[in-house]
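Student: Build me a model from this:
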Amino acid sequence: MAAGAAAQPPDNSPQALREACDAAAHFKLLHADGARHEARAVWLDGTRLVWPGAPAAGADHRYRLVQAAAGGLQVSAGAPVAGAEAAFALQAPTTPWPATLTERFRHVAAGAPLQLPETDAARLRALHRGQLLLVREDAAGRVQQATAVQHAGALDDLYAAAEALPDLGVSVTPAAAPAPATTFHLWAPTAQAVWLCRYADDRAAALPEVPALQRDEAPGDQATGTWRLRLPGDFSGQYYNYLVDVWVPGTGLVRQRVTDPYATSLGADSRRTWIGRLDAPATLPAGWASAPRPRPLLHNTDLAVYELHVRDFSIGDTSVSAAQRGKYAAFVQPRSRGMRHLAALARAGLTDVHLLPVFDFASVPEVGCVTPSVPAAAPDSPAQQAAVMAVAAQDCFNWGYDPLHFNAPEGSYASRPDDGAVRIREFRQMVMALHRTGLRVGMDVVYNHLSASGQHPQSVLDRIVPGYYHRLDAAGQIERSTCCDNSATEHRMMAKLMRDSVRLWAREYRIDSFRFDLMGHQPRAAMEQLRDLLKRDNGRPIHLLGEGWNFGEVANGARFVQASQLSLNGSDIATFSDRARDALRGGGVGDGPAALVARQGYLNGLAYAPNDAARALVAPDRDALKAAADLVRLGLAGTLRGYAMDTRSGERRRGEQMVYAGQIAGYASQPGEVVNYVENHDNHTLWDLNAFKLPLATSSAERARVQVLGMAFTALSQGVAYFHAGIDVLRSKSMDGNSYDSGDWFNRLDWTYTGNHFGSGLPPAPDNAALHALIAPRLADARLRAQPADIAFARDAMRDLLRIRASSRLFHLTTADAVQRRLSFHNTGPQQNPVLIAAELDGRGLPGAGFARVMVLVNVDTRAHPLTIAGTRGQRWALHPVHRAAAAADRRAATQARFEPAQGRFSVPARTAVVYVLR
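Tutor: All right, here's what the predicted structure looks like:
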């Protein structure tokens, strides 16, 4: 505890405000916080708080809140508080607190429960507009202990009415209206003053007038904590920022210049907020109003998704004009190689393209980004990655998982990032083009963390309402379990921002589905409310998928019921399944160098084709292979909790009785709650992973067959089928396991089908150096490079798999009951041949089944295997029509697969997925 200093009033003169609008610095410190205090106490609502670990109030000590609007509190141990402008005595509660309150804050440790005496709402709200400390004093009024207070619970209670506001951000009544006006509306309940900086364009100096916004002074529980300004006139095409005077704990009273968190578009590098309407002509592509849209899909299980990064899609496509490569506009070129590729997938049965982040993100300069000069060097050279990483912070590439403005399109993908209308119009043109191709459009969205916090120039929300939008630990520090500054969607206005944002994208951009990054860090209740609002808004299902990983400070429901794998049963919200993924790929995402090679999976040799490292480590483990086979079968059945099947032990078990990595294996209650995949943007591509795990002598043609087997399990499983863009052309990132900032060089796609970029040099050292010794000889090994024939085979095989999936409702079952009744497995139990999966689907009585029965057979082994199924004797099983077609991709399946009716025996070629049908 240390002393503060007397605060001087800030300079609010017109000249000072104009200078702040144009200053090089994004904030000005008006008065420093002379004492930094941890925020150990927690507000539960507007009048109640807890100080964990502190003793209850007693005769020898008392608790008070002390406040000074502009700072200057002097709090020193053993001395009375000085510099306080207001003080509030606290008392112990006289009645138990509501269970709903203690349940919401169940993560807060036990301590002194404290309550403000009844006081008027205006005084309660004023408490939070300046320096505020909670002190424990002895009977003589001397400070014994002091802490700041985490205020989210109080703000949520005092300003609950703000949740219903429909018009945060800027609203324009157009010039053609009888009374054109532009209204600015900002939620900033702890601010002391707010002004508007307005600019004629993206680069001009601020206009002379810097008007003040007015605080909402609604009485009682109608207060919203917002500031509003209505100016006569239509200022569309101009730009603005706010000046916000606010107390920042640990920093002081600060004048922030900040963009609007509800910005729908921005100027270059997100420095200024665009003014305009989303229905203005400048934002509308020709034909937008009447543009066709693919038919709605009624169920999650109807989705077959291709996950794609906007820049990856076209940056290397020379059939796209140079100016449009890496841009939204590349999707508007129907004859480009990339668009022809997507169109072919759509014709085969792909339903959705999911775009990696296309909201405004922080990590790419929108103007002046650089392209590295990558040398022509050996396949295993470090020179390429050195060139890429030398400019990684200034180059034009990033995955984009660092949100800056949730509601605005990313400017680096637009032809004119300095024109807010252009990025909106070109984004819509991209959506129109994909819809015209027959593909629905999904967005990868990130509401679990923010790009920055505190006084960082790319911090927006935390500079407007410091300490509110982020999830804090017991000391008041921001949690970072997601990799970045975690947001707190359990707080009322962060949840509102998420809902408002997703609804805007669905409504204004016709987005059909959303993938939520680290969704398990968000409350189930918030996601379900969003789901219902989207359905009401759009009159059609808007599908929600997400990463339901259970970790960090919210794990196991520590703070709320999460939107995680184990907690979403019955929600119709799907999560990515790591169960079959890991069984198929082998090992786990955290494996070190030795385990990465030795821990093979069901696809790449576990026990049946051990590589040298696996052979040296342990003897082939047939039981591990059987365990993997059981998890693969469960994946084909939608990873359902209640699905019962015969397992390797000889027991019939439900999915929830099976084990995956110490957890229940079957976690979903319905097949639409699972996303099946074997590769996505994270971690190694399947081709690169198999460069570690398959025996090195495996030919490139056989490696391509393994890749197709991975795609087959994804395509033919119950649930959502999710494919990483390029998996069908054997995509390689030159063995980069984390390519989020690895530049175009390591993330390119090749739509010429002549190569897959394996051997583009050692991957960037920051995330791959520990593996370079393993990677280098593999990159130099010509046997591991995909040949054009291999790529063509995988490309066409993927399309055949999509055709098979689309041919029958049996691959899109919508209920757990239907899966249990219609899907059964042969070749199970302790006597199984574990390299061979046999799944039979019963289509009798099912509209759209197309066939009376379907048999899916997958042999992962390096040699052919027979399988006799007694119940098929005398039946007329035939290869699926897709396999029988003259243009069928897999000639091995077409010419070597056999069914012998007299014996009821199927023969399945090596490394082949084949589908038989019975009409």
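
Student: which non-adjacent residue is nearest A139?
Tutor: D60 (5.8 Å; CB to CB, 6 or more residues apart in numbering). In short, each C-beta sits where N, CA and C put it, glycine included.

Student: Against A54, how distant is that neighbour?
Tutor: Counting by CB to CB, to the nearest Å, the gap between D60 and A54 amounts to 13 Å.

Student: Same check on T190?
Tutor: For T190, the distance to A54 - CB to CB - is 24 Å.

Student: hmm, back to that, tell me the pLDDT at the residue nearest to A139?
Tutor: We have a pLDDT of 89 for D60.

Student: quick one: average pLDDT of stretch 825-836?
Tutor: Here stretch 825-836 scores 98 as its mean pLDDT.

Student: For that stretch, which residues meet the burial criterion?
Tutor: Buried residues in stretch 825-836, counted by 16 or more other CB atoms under 10 Å: F825, H826, N827, T828, G829, Q832, P834, V835, L836.

Student: Tell me the helices and strands packed up against the host helix or strand of the first one.
Tutor: Translated: F825. Assigned by DSSP states H and E, F825 belongs to strand 823-826. Applying 3 or more CB pairs under 8 Å, 6 or more residues apart in numbering; DSSP states H and E, one finds that strand 823-826 contacts helix 622-636, strand 644-646, strand 836-842.

Student: quick one: contacts of the longest one?
Tutor: The set of residues that contact helix 622-636 without belonging to it, under CB atoms under 8 Å, 6 or more residues apart in numbering, is 577, 579-584, 601-602, 606-608, 640, 643, 645, 647-648, 655, 658, 660, 665-666, 676, 713, 716-718, 823, 825, 828, 830, 832, 834-835, 837, 839, 856.

Student: What distance do you get for the residue most central in space within the chain to F359?
Tutor: Geometric centre of the chain, nearest residue: D517, 1.6 Å, by CA atoms, centre = their mean. According to CB to CB, D517 stands 11 Å off from F359.

Student: before we move on, back to that, pairing partners for the strand holding F825, with directions?
Tutor: Note on strand 823-826: by DSSP bridges, its sheet partners are strand 836-842 (antiparallel).

Student: and the angle for the strand it pairs with with helix 622-636?
Tutor: 30 degrees (axes from the mean of the first three to the mean of the last three CA atoms, to 10 degrees).

Student: what distance separates strand 836-842 from the centre of its chain?
Tutor: Chain-centre distance of strand 836-842: 34 Å, with CA atoms, centre = their mean, to the nearest Å.

Student: still on that earlier bit, name all residues that make contact with the residue nearest to the centre of the chain.
Tutor: Y401, D444, V445, V446, Y447, N448, G546, E547.

Student: what sits against the third one?
Tutor: Think V445. By CB under 8 Å, 6+ apart, V445 lies in contact with P357, F359, F406, S501, V502, W505, F514, R515, F516, D517.

Student: swap the cut-off to 10 Å and go again
Tutor: By CB atoms under 10 Å, 6 or more residues apart in numbering, the contact set of V445 is 357-359, 403, 406, 498, 501-502, 505, 511, 514-517, 519, 544, 546.

Student: Likewise for the fifth one?
Tutor: Contacts for Y447 (CB under 10 Å, 6+ apart) come out as 359, 403, 406, 487, 489, 494-495, 497-499, 501-502, 516-519, 521-522, 526-527, 530.

Student: on that earlier part again, quick one: the residue nearest to the centre of the chain from E547, how far?
Tutor: Distance of D517 to E547, given as CB to CB: 6 Å.

Student: and A378, how many neighbours?
Tutor: When neighbours are defined as other CB atoms under 10 Å, A378 has 14 of them.

Student: Now do the same contact list for it.
Tutor: A378 makes contacts with Q384, G759, G761, L762, A776, L779, A780, as judged by CB under 10 Å, 6+ apart.

Student: And the helices in the stretch 201-350 of the chain?
Tutor: For the stretch 201-350 of the chain, the helices defined by DSSP state H, counting those that start in this stretch occupy 310-314, 337-348.

Student: which helices and strands does the last one pack with?
Tutor: Translated: helix 337-348. strand 304-308, helix 310-314, strand 352-355, helix 420-436, helix 788-806 (3 or more CB pairs under 10 Å, 6 or more residues apart in numbering; DSSP states H and E).

Student: so the first one versus helix 420-436, what angle?
Tutor: Same thing as strand 304-308. Interaxial angle of strand 304-308 relative to helix 420-436 (the same axes, to 10 degrees): 140 degrees.

Student: for strand 304-308, the distance to its chain's centre please.
Tutor: 14 Å.

Student: pLDDT averaged over it - what is it?
Tutor: The model assigns strand 304-308 a mean pLDDT of 98.

Student: So what does Q144 have for phi and psi?
Tutor: phi -100, psi -30 (degrees, to the nearest 10).

Student: measure the closest residue to it other than its chain neighbours to L472 for me?
Tutor: Residue nearest to Q144 in three dimensions, not counting chain neighbours: R136, with 4.8 Å by CB to CB, 6+ apart. Distance of R136 to L472, given as CB to CB: 21 Å.

Student: swap in E656?
Tutor: 35 Å.

Student: and if you look at R821?
Tutor: 49 Å.

Student: More neighbours: those two, which one.
Tutor: Taking neighbours as other CB under 10 Å, R821 and L472 compare with L472 leading, 19 against 13.

Student: my guess is the more buried one meets W43, correct?
Tutor: No. In this structure, L472 is not within contact of W43 by CB atoms under 10 Å, at 11.6 Å.

Student: Find residues that contact each of the two.
Tutor: Common neighbours of L472 and W43 (CB under 10 Å, 6+ apart) are Q150, H151, A152.

Student: Please point out which parts of the lowest-mean-pLDDT helix or strand in the chain sit buried.
Tutor: Between all helices and strands in the chain, the lowest mean by mean pLDDT, DSSP states H and E belongs to helix 612-617, at a mean of 87. For helix 612-617, the neighbour count (16+ other CB under 10 Å) marks A613, A614 as buried.

Student: Output the below-cut-off pLDDT ranges for the protein.
Tutor: Where the chain drops to pLDDT under 70, the residues are 1-7, 618.

Student: can you rerun that using 50?
Tutor: Within the chain, the segments meeting pLDDT under 50 span 1-3.

Student: Next up, the contacts around Q707.
Tutor: Q707 neighbours (CB under 10 Å, 6+ apart): 603, 678-679, 685-687, 690, 727-731, 786, 790-791, 793-794, 797-798, 911.
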